[in-house]
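Mind looking at a prediction? Sequence and model below.
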Amino acid sequence: MAGFKRKVFYVGGFDPRGVRFYHALAAEQLDRYGKLTGEPATISTRRNAGPFRTDWSILNPAQGVSTEYSFLRWDDIVRKAWIRNPLSLGLRAWRAYRANIRHLDFETGKKLGKGPLITLFYPPILSTALPLLLTLLIGGVAAIGLPTAVAFLIGLVAAIAISAPLLKKWHAPWLLRFFVFNSELGGGEAHPEIEARLDNFAEEISASFDDPWDEIILLTHSNGSILSVPLMVRLLDRCGGTMPPNFALVTMGHCIPLVACRRDATRFHDQLRRLAQSDFRWIDIGSPPDGAAYFGVNPMAIVAPDPRPRMELLSPRFHLFYDPHTYHKGYANKYEIHFDYLRMGDRRSPLDFPSLMTAARPIDASIAEFRAIQ
């Protein structure tokens, strides 16, 4: 019989892969947890629990823990926003980056972290520079024996053929789509589909507040953390400005300043100010080497000088829990680093994903254990 009952609501990032991928990832990591700790943890099959929600159960009999996990789906919206035509992607990326250059508060952005700014601008630079350089190089060589126009046409075709798989390997098209989506989301009118989906999520989460859970966690990753801002506003409105004492917002690899540092994102700023005046527990886990996330940044402080919520800003310190030869290092592994929050290293961390799901204690106790590790 479970002695500790936890409810988790998960909002993922800008990822078209959806619930099947994340259920398989959770199963893989829980299996790894069992092998490394000697505490076999089980995960159930997926259950549809609503039009935009899929549930599964995680059990740790060794500690008497039952975690009910709800994956809140918006991957269908991501797939609709997934620009497939390269010309359309280029045109919308041009508009998005023009808006970013015009509206982004670069001074504030640089103070919060240079890594995400590099990640913001390297996809368009790389996507332009690599084909151009290859065209010049291949066309220049071909022009030795061919007419110039023909040589550079061959160079262009060859450059596109060579560049496409390389850019995909470096996730440049994915990042371009991600930045286009958030630029359009942050700088314009409210996205009707997102607004309706967040209303649905808020109903699902608030319905759990009357149930006897020892802990309720709203867990978000990457772009899901941007959505957590308007989602938390909805939850606070339903709770009169104070969240239940057993509730915690946990953000992993958040990229909220990508929208919050836009001068034209006035609606989003108002939502952050609303959070800054409320009472709830916010725990952020961000890795310094993660170039797609902001480490040690309280997003509310960007627009509100003295935020009220109790916020914990933590580094997962992956280097302590991975062996040197398996730890993701370098720019080639930036994508993998961004997903390490949802994995387990070579040793158990109190804040790794399977440990948070299987611990017979609230997250504050896990944080206390984590802080005691030298």
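Yep, that arrived. Computed from a predicted structure; not experimentally measured.

Find the residue at the geometric middle of the chain.
For the chain, the residue sitting closest to the mean C-alpha position, by C-alpha atoms, centre = their mean, is Ser222 at 1.1 Å.

Which pLDDT does the model give it?
Note on Ser222: pLDDT of 95.

Quick check: nearest residue in space to it, chain neighbours excluded?
Gly13 (3.1 Å; C-beta to C-beta, 6 or more residues apart in numbering). Quick note: C-beta positions are derived from backbone N, CA and C, even for glycine.

Surely the one you found touches Asn223?
Yes: Gly13 lies in contact with Asn223 (C-beta atoms under 8 Å); the separation is 4.1 Å.

okay, those two: which has more neighbours?
For Gly13 versus Asn223, neighbours defined as other C-beta atoms under 10 Å are more numerous around Asn223 (26 against 22).

how far away is the more buried one from Phe201?
To Phe201, Asn223 is 14 Å away according to C-beta to C-beta, to the nearest Å.

quick one: contacts for the residue nearest to the centre of the chain?
Neighbour list for Ser222: 12-15, 252-255, 292-293, 338 [criterion: C-beta atoms under 8 Å, 6 or more residues apart in numbering].

Also Ile77?
Applying C-beta under 8 Å, 6+ apart, we find Ile77 in contact with 193-194, 197.

got it, and Arg98?
By C-beta under 8 Å, 6+ apart, the contact set of Arg98 is empty.

Helix, strand, or coil at it?
The three-state assignment at Arg98 reads helix, by DSSP: H, G, I helix; E, B strand; the rest coil.

same check, this time on Glu193
Counting by three-state DSSP, the backbone at Glu193 sits in helix.

hmm, who's touching the helix or strand bottoming out on mean pLDDT in the chain?
Least confident element among the helices and strands of the chain, by mean pLDDT, DSSP states H and E: helix 334-339 (a mean of 83). Helix 334-339 is contacted by residues 119, 171, 222, 253, 287, 289-293, 318, 328 when judged by C-beta under 8 Å, 6+ apart.

Make JSON lines from those residues and add distance to Phe181 and secondary structure to it.
Putting these into JSON lines (distance: C-beta to C-beta, whole Å; DSSP: H, G, I helix; E, B strand; the rest coil) gives the following:
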{"residue": "Thr119", "distance to Phe181": "15", "secondary structure": "helix"}
{"residue": "His171", "distance to Phe181": "15", "secondary structure": "coil"}
{"residue": "Ser222", "distance to Phe181": "12", "secondary structure": "coil"}
{"residue": "Gly253", "distance to Phe181": "17", "secondary structure": "coil"}
{"residue": "Ser287", "distance to Phe181": "23", "secondary structure": "coil"}
{"residue": "Pro289", "distance to Phe181": "24", "secondary structure": "coil"}
{"residue": "Asp290", "distance to Phe181": "19", "secondary structure": "coil"}
{"residue": "Gly291", "distance to Phe181": "18", "secondary structure": "coil"}
{"residue": "Ala292", "distance to Phe181": "14", "secondary structure": "coil"}
{"residue": "Ala293", "distance to Phe181": "17", "secondary structure": "coil"}
{"residue": "Phe318", "distance to Phe181": "28", "secondary structure": "helix"}
{"residue": "His328", "distance to Phe181": "25", "secondary structure": "coil"}
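
how about those in TSV, adding distance to Ser183?
Formatted as TSV, the contacts of helix 334-339 follow (distance: C-beta to C-beta, whole Å):
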residue	distance to Ser183
Thr119	14
His171	18
Ser222	16
Gly253	19
Ser287	24
Pro289	25
Asp290	21
Gly291	18
Ala292	15
Ala293	18
Phe318	30
His328	28
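
ChimeraX command to pick out the buried ones of those residues?
Burial among these is assessed by 16 or more other C-beta atoms under 10 Å; the matching ChimeraX selection reads:
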select :119,171,222,253,287,289,290,291,292,293,318,328
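
on that earlier part again, distance of the residue nearest to Ser222 relative to Ile226?
Between Gly13 and Ile226 the computed distance is 9 Å (C-beta to C-beta).

again, but for Gly253
11 Å.

any weak-confidence spans in this structure?
For the chain, applying pLDDT under 70 flags the ranges 1-2, 187-189, 329-333.

so where do the strands sit in the stretch 251-374 of the chain?
Using DSSP state E, counting those that start in this stretch, the strands of the stretch 251-374 of the chain run over residues 281-285, 310-314.

okay, those strands, which one's buried deepest?
Among the strands of the stretch 251-374 of the chain, strand 281-285 has the highest mean neighbour count (mean count of other C-beta atoms under 10 Å), at a mean of 23.

Adjacent strands (with direction) for it?
With DSSP bridges as the test, strand 281-285 is paired with strand 247-252 (parallel), strand 310-314 (parallel).

For His338, see how far away Met357 is.
Counting by C-beta to C-beta, the gap from Met357 to His338 is 20 Å.

cool, Ala276 as well?
In this view, Ala276 and His338 are 27 Å apart by C-beta to C-beta.

Give me the more crowded residue out of those two.
More neighbours surround His338 than the other of Ala276 and His338, with 24 against 20 (other C-beta under 10 Å).
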